[in-house]
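Undergrad: Got a sequence here, can you build the structure:
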Amino acid sequence: MALDLAAIRAAYPALRDGVAYLDGAAGTQTPETVIEAIAAAYRAGIGNVGGTFPASHRSQAIVDACRLAVADLVGGRPEGVVLGANTTTLIYRFSQILAATWRPGDEIVLSRLDHDSNVRPWVQAAERAGAVVRWAEVDLETGELPVGQYDTLLNERTRLVAVTAASNVLGTRPDVAAITAKAHAVGALTYVDGVHATPHVPVDVAALGADFYATSAYKWSGPHVGAVVADPALLETLRPDKLICSPDEVPQRFETGTAPLADLAGVTAAVEHLASLDGAGADVGTGSRRERLLASMTAVEAYEQRLFRTLLGGLEEMAHVTLYGKPAHRTATAYFRVPGHTPLEVAGHLAARGVNVWSGHNYAWELTGALGLRDTGGAVRAGLVHYNDSSDVDRLLAGVAELAD
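TA: So this is what the prediction gives:
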């Protein structure tokens, strides 16, 4: 089914300001239902979990519902959903846990396509353990991450393969399933960064072959909460450092401190919002939430790709624009420069015209370094999400066209 853009956009209070929010790759706006869910949790009264009183029981129900919602979104199990402040914090947590088993001479394989949060924690953990870091390189002309190179990167000493499900600047969607299959063939674990992919495509962690899958709710219309999804049986084998009196059950043993309970209610509401997009307001009682999510995210992907063809085609027609990457499979994310203007100047020019975009390396540290962009201001990033419409794209293209010499 086609998305009802009018209904979707009306659900987001922030969009009433008339700005074209093409900065979704850095964080999305929030629908009223999410805002209300967070406020309702506070209004009802919440307390820490584990108590004998109703406020504590409400909090436990919020946590349980959040785990189930995230599991439904990505095809995992609620008992395997680890919640945290953000995915960077969680990746540091798991890098320390997994690296405790690494020995000098062990190897890990990272990708230069990735956001630095799926690079630096592993590099630093490998340095402490004496493990060797090996790199999967990006085809700089196409922006692809060739799968064949993993045949020479992997061996019996490989302990971990970390790879993104989608580049946060080029939009590249590598063949993660093929990469993880090669990793598993040599006995390595896989850590898949799904932060940029999850808002744009239907996700199935089992099909991806992800032993660990990371996602951030604020990239898909929720609050600032991160999650790592894994097989509960795998989590049972891992022993993190923790307070002696804190829960030892999976997945709680990986979570430190008190959770942002009201925000977790917002995460569940955000998942419900995504599940309602296919038909936008139609009867949401049809099918399981997982089934509705798959239908909605399939519709989201199709819609974003149609709109992105207009955005990308418009930029390609401008002789004064340099685009980076042309992967065969990508999210609706463009990375470009306008010669004669710094990326920051271009972003400022567009902001003055009510168009929000980002400039810089956008934490794609290795990739922008390989492209020769990192030390000269990076490039401009414009990305679409499900609430963007053709007027947003038209305003971006008009603003960039004004910069022609």
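
Undergrad: The lengthiest strand in the chain: what's the following helix or strand?
TA: In the chain, taking DSSP state E as the definition, the longest strand is strand 158-164. Sequence-wise, the next helix or strand beyond strand 158-164 is helix 176-185, with elements assigned using DSSP states H and E.

Undergrad: name the helices or strands packed onto that next one?
TA: For helix 176-185, the contact count by 3 or more CB pairs under 8 Å, 6 or more residues apart in numbering; DSSP states H and E identifies helix 150-153, strand 158-164, strand 189-193, helix 205-208 as packing neighbours. C-beta here means a position set from N, CA and C on the backbone, and glycine is covered the same way.

Undergrad: Now the third one: average pLDDT?
TA: The one in question is strand 189-193. Strand 189-193 carries an average pLDDT of 99.

Undergrad: And the second one, by the same measure?
TA: The average pLDDT for strand 158-164 rounds to 99.

Undergrad: Pairing partners for it, with directions?
TA: strand 107-111 (parallel), strand 189-193 (parallel) (DSSP bridges).

Undergrad: Figure out which of the ones you listed is closest to residue 392.
TA: strand 189-193 (26.4 Å; CB to CB).

Undergrad: Not counting the closest one itself, show me its contacts.
TA: 87, 91, 94, 98, 114-115, 117-118, 122, 159-165, 176, 179-180, 183-184, 205, 208-214 (CB atoms under 8 Å, 6 or more residues apart in numbering).

Undergrad: again, but for stretch 61-68
TA: 41, 46, 49, 78-79, 81, 83, 225, 251, 259, 261-262, 264-265, 267-268.

Undergrad: Of those, keep whichever come out buried.
TA: For the contacts of stretch 61-68, a burial check counting by 16 or more other CB atoms under 10 Å picks out 41, 46, 49, 78-79, 81, 83, 225, 251, 259, 261-262, 264-265, 267-268.

Undergrad: Show me those that map onto helices.
TA: Those of those mapping onto helices are 41, 261, 262, 264, 265, 267, 268, per DSSP state H.

Undergrad: Distance-wise, check residue 6 relative to residue 387.
TA: Residue 6 is 11 Å from residue 387, where distance means CB to CB, to the nearest Å.

Undergrad: who has more neighbours, these two?
TA: Neighbour tally, residue 6 and residue 387, criterion other CB atoms under 10 Å: the higher count belongs to residue 387, 23 against 9.

Undergrad: which residues does that one contact?
TA: So residue 387 contacts 5, 8, 9, 11, 12, 15, 21, 28, 29 (CB under 8 Å, 6+ apart).

Undergrad: In helices, which of those residues appear?
TA: 5, 8, 9.

Undergrad: mind putting those in a markdown table, pLDDT and neighbour count included?
TA: Compiled in a markdown table, the ones in helices among the contacts of residue 387 are given as follows (pLDDT from 0 to 100; neighbours: other CB atoms under 10 Å):
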| residue | pLDDT | neighbour count |
| --- | --- | --- |
| 5 | 96 | 16 |
| 8 | 97 | 22 |
| 9 | 98 | 18 |
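
Undergrad: will you turn these into CSV that also has distance to residue 295?
TA: Formatted as CSV, the ones in helices among the contacts of residue 387 follow (distance: CB to CB, whole Å):
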residue, distance to residue 295
5, 17
8, 15
9, 20
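
Undergrad: excluding its backbone neighbours, what's nearest residue 235?
TA: residue 250 (4.4 Å; CB to CB, 6 or more residues apart in numbering).

Undergrad: Can you give me the neighbour number for that neighbour?
TA: 19.

Undergrad: Work out for me the element residue 368 sits within.
TA: Following DSSP H and E, one finds residue 368 within helix 365-370.

Undergrad: for the longest helix seen in the chain, which positions count as buried?
TA: With secondary structure taken from DSSP H, the chain has its longest helix at helix 289-316. Within helix 289-316, the residues scored as buried using 16+ other CB under 10 Å are 289-290, 292-297, 299-301, 303-305, 307-308, 311-312, 314-315.

Undergrad: Can you pull the phi and psi angles for residue 135?
TA: The phi and psi values for residue 135, taken as degrees, to the nearest 10, are phi -120, psi 130.

Undergrad: contacting residues for the closest residue to residue 242 other than its chain neighbours?
TA: Excluding the flanking residues, the one nearest residue 242 by CB to CB, 6+ apart is residue 253, at 5.9 Å. By CB under 8 Å, 6+ apart, residue 253 lies in contact with 235, 240, 242, 246, 247.
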